[in-house]
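Q: show me the folded form of this:
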Amino acid sequence: MVYRTSISLDAKTSRILEELMRRTGKSASEIIRDALNSYYEFEYSQNVSKREIMIYIDFLSEGEHVIVDLEHWCAMWDELNEKADEQFWEMVAKSGQEHGIQYYNKGLRDVKSILEYMEPGNFFRVKEDGDGSYTLILSCPSEMRFIKTFLENIFRAQNIDVELRESIGKLRVVVRK
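A: As a prediction, this is how the structure comes out:
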């Protein structure tokens with residue numbers, strides 16, 4: 001059964017629809033149906049929020065990030081923790097500093113916004129414990145040194161004074177006042 005309706009489009013949306021029809025060879029109805037279905041999945045997905053999807057797009061669109069299976073990630077950190085030298089950890093620290101500057105330029109200038117931006121990367125899940133206190137539940141316990149070193153240097157680059165405390169499979173982040 002087909003339900004017919006009419007819609008009004010502003011000039012910009014009309015140009016976009018015309019371009020999509022030209023590029024895809026689809027009818028206006030097909031494009032609008034696809035758009036509505038995508039919008040519904042995007043807005044009402046039970047698994048991923050719109051904010052997370054936008055962060056995934058930001059992570060992946062420029063080719064600066066990769067998707068790695070969690071088992072592989074843990075295996076890599078088990079091996080690295082045994083064999084990595086201080087030069088490796090200095091590179092992690094430098095990368096954290098560079099990310100701190102990059103995040104600052106993106107407008108991520110406090111602990112909460114930085115942690116929430118990083119969370120969809122699946123390094124950890126953030127639990128806000130109270131004013132300026134967070135618990136990071138790590139995806140893999142062997143990534144502890146990496147996460148701690150990386151975050152220390154992100155916050156250092158932005159002159160954010162935090163205390164990072166290790167626990168079993170968790171990292172506590174407390175903003176010093």
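Q: who's in contact with the most centrally placed residue in the chain?
A: Taking Cα atoms, centre = their mean, the centroid of the chain lies closest to P120, which sits 3.7 Å from it. Contacts for P120 (Cβ atoms under 8 Å, 6 or more residues apart in numbering) come out as 51-52, 55-56, 59. Where C-beta positions appear, they are placed from N, C-alpha and C, glycine not excepted.
Q: show me what the lowest-mean-pLDDT helix or strand in the chain is packed up against.
A: Scoring the helices and strands of the chain by mean pLDDT, DSSP states H and E places helix 50-61 at the bottom, with a mean of 85. Counting contacts by 3 or more Cβ pairs under 8 Å, 6 or more residues apart in numbering; DSSP states H and E, helix 50-61 is packed against helix 28-44.
Q: buried sites along the helix it packs on?
A: Neighbour counts over helix 28-44 (16 or more other Cβ atoms under 10 Å) mark 31-32 as buried.
Q: name the residues that touch that helix?
A: Here helix 28-44 has contacts from 7, 17, 20-21, 24, 26, 50, 53, using Cβ under 8 Å, 6+ apart.
Q: stretch 121-129 now?
A: 55, 59, 65, 70, 112, 115-116, 118-119, 134-139, 143, 147, 171-172.
Q: torsion angles phi and psi at the residue nearest to the centre of the chain?
A: Dihedral angles of P120 (phi, psi; degrees, to the nearest 10) stand at phi -60, psi -10.
Q: which neighbouring elements make contact with the lengthiest helix in the chain?
A: Longest helix in the chain, counting residues (DSSP state H): helix 86-105. The elements that helix 86-105 packs onto, with contact taken as 3+ Cβ pairs under 8 Å, 6+ apart, are helix 144-157.
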